[in-house]
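**Q** Fold the following, please.
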Amino acid sequence: MGIIETEGLTKIYVRDVIDTEFGRLRIRLTNRKTVALQDLSLDVQQGEIFGLLGPNGAGKTTAIKILMGIHFPTSGSARLMGKPLGDREVKKRIGFLPENPYFYDYLKGWEFLDFYGQLYGMDKKTRRRKIERLLDQVGLTHAADRPLRGYSKGMNQRIGLAQALMNDPEIVFLDEPQSGLDPLGRKEVRDIIVSLRDEGKTVFFSSHILSDAEMICDRVAILYRGKLQSLGTLGSLLSQSVRDWEIVLRGVSDEFMDRWRPRLVRLEKSDGDFWVIAKEEATTHELIREATAAGGVLIQLLPRRESLEDYFIRQVQGSPEPRGAAA
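**A** You can find the predicted model right below:
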């Protein structure tokens, strides 16, 4: 049994639309239905980082809002910690950071966290101790006395993470926690998420940034147009066969490399070195052999395997599996 379970979770939004025809004053009321989530069944194990991945509009936020009890499903069911959605005791044991949170930006960092601590019914001494620890954990001790309106996007994301952890939750839901952050900010958020797993917490987060998810997730689910496309560990989903070969050569002439250009996927020159992508292994070995015979030096040879982004594109576009992938 997983700590998070969904079965056949479906959400259909119905919108009333009024069409008017001014010439004849005809008014027509119609219902437009949008299927945001369709038959989502998955389970998340305790203590893992689980990534719900997909492009914008895939249904990720809808799924999280249903699990949080903000939206109700049209059909299907879900359980958190073995309890139905909406259980009051379970709600006390979960944390949540929405994609676009609204903070009272006139509050200072420590005041903001203190406010949430009071909502959780913590006494003053407990709140102070918790706030100090969380500010240190998210790297904002230096900004504790600064109003939130002076925080950067990355700082706001980190104070939001601290808010989601004020009640020491067992499950942390994060909706697009790295969206809009620069590479440094994304790394800081990744490090915090990994530290939560090290503490034994379960982290369920949505993202469209596949490279970041690939670095930290234990398992992922891929959503596309509201439907589950894949579910599993990265090792079970990604092909382990070599996709292509990355080669760096030094000491060969432009004329030599130009003769090879038609057989290569990519050829670039930087600081006198040639950076090459070759698709075929035979081509790779032949190029290296002839380059060294011509006086060149092999600087790097790197086999490149399928990434999560490659896999995602293959799933949603119906691309063929890489050669050598298991059936």
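**Q** C-alpha only now, for contacts and for neighbours.
**A** Fine.
**Q** top helix in the protein by residue count?
**A** Counting by DSSP state H, the longest helix found in the chain is helix 183-198.
**Q** angle of the next helix or strand after that helix against helix 183-198?
**A** Following helix 183-198 in sequence order, the next helix or strand is strand 202-207 (DSSP states H and E). Using axes from the mean of the first three to the mean of the last three CA atoms, to 10 degrees, the direction of strand 202-207 lies 150 degrees away from that of helix 183-198.
**Q** average model confidence for strand 202-207?
**A** Averaging pLDDT along strand 202-207 gives 96.
**Q** That strand packs against which elements?
**A** strand 49-53, strand 171-175, helix 183-198 (3 or more CA pairs under 8 Å, 6 or more residues apart in numbering; DSSP states H and E).
**Q** ok so, going back, quick one: buried residues of the longest helix of the chain?
**A** G185, R186, E188, V189, R190, I192, I193, V194, L196, R197 (16 or more other CA atoms under 10 Å).
**Q** Over to stretch 286-302?
**A** Neighbour-count burial for stretch 286-302 [16+ other CA under 10 Å]: L287, I288, A291, G296, V297, L298.
**Q** Domain ranges for this structure, per the record?
**A** In terms of domains, the chain is parsed into 4-237, 242-305 (source: automatic domain parsing).
**Q** you'd agree T62 is up against T34?
**A** No. If you go by CA atoms under 8 Å, T62 and T34 don't touch, sitting 12.0 Å apart.
**Q** Please say which of the two ends up with more neighbours.
**A** When neighbours are counted by other CA atoms under 10 Å, T62 comes out ahead of the other of T62 and T34, with 21 against 11.
**Q** give me phi/psi at that one?
**A** With angles defined as degrees, to the nearest 10, T62 sits at phi -60, psi -40.
**Q** residues in contact with it?
**A** Residues in contact with T62 (CA atoms under 8 Å, 6 or more residues apart in numbering) are K11, A36, L37, H71.
**Q** same check, this time on A143
**A** With CA under 8 Å, 6+ apart, A143 has these contacts: G109.
**Q** and if we set it to 10 Å?
**A** Listed by CA atoms under 10 Å, 6 or more residues apart in numbering, the contact set of A143 reads K108, G109, W110, L135, G150, Y151, M155, I159.
**Q** Give me the buried entries from the residues you listed.
**A** Using 16+ other CA under 10 Å, the buried ones in the contacts of A143 are K108, G109, W110, L135, Y151, M155, I159.
**Q** From those residues, which land in strands?
**A** Residues of the buried ones among the contacts of A143 located in strands (DSSP state E): none.
**Q** My read is that P101 contacts N156, right?
**A** Yes. Counting by CA atoms under 10 Å, P101 does reach N156; the two are 9.1 Å apart.
**Q** which one of these two has more residues nearby?
**A** Legend: neighbour count by other CA under 10 Å for P101 and N156, higher for N156 (20 against 10).
**Q** these two touch, right, G160 and W110?
**A** No. Counting by CA under 10 Å, G160 stays clear of W110, with 11.9 Å between them.
**Q** who wins for neighbours among the contacts of T62?
**A** These, ranked by neighbours (other CA under 10 Å): first place L37, 26 neighbours.
**Q** Now find how far off-centre the helix or strand it falls within is within its chain.
**A** Using DSSP H and E, L37 falls within strand 26-44. In terms of CA atoms, centre = their mean, to the nearest Å, the centre of strand 26-44 is found 24 Å from the chain centre.
**Q** Could you tell me the per-residue confidence at the residue lying closest to T34 once chain neighbours are set aside?
**A** Nearest residue to T34 in three dimensions, chain neighbours excluded: Y13, at 5.1 Å (CA to CA, 6 or more residues apart in numbering). The score at Y13 is 90. That number is its pLDDT.
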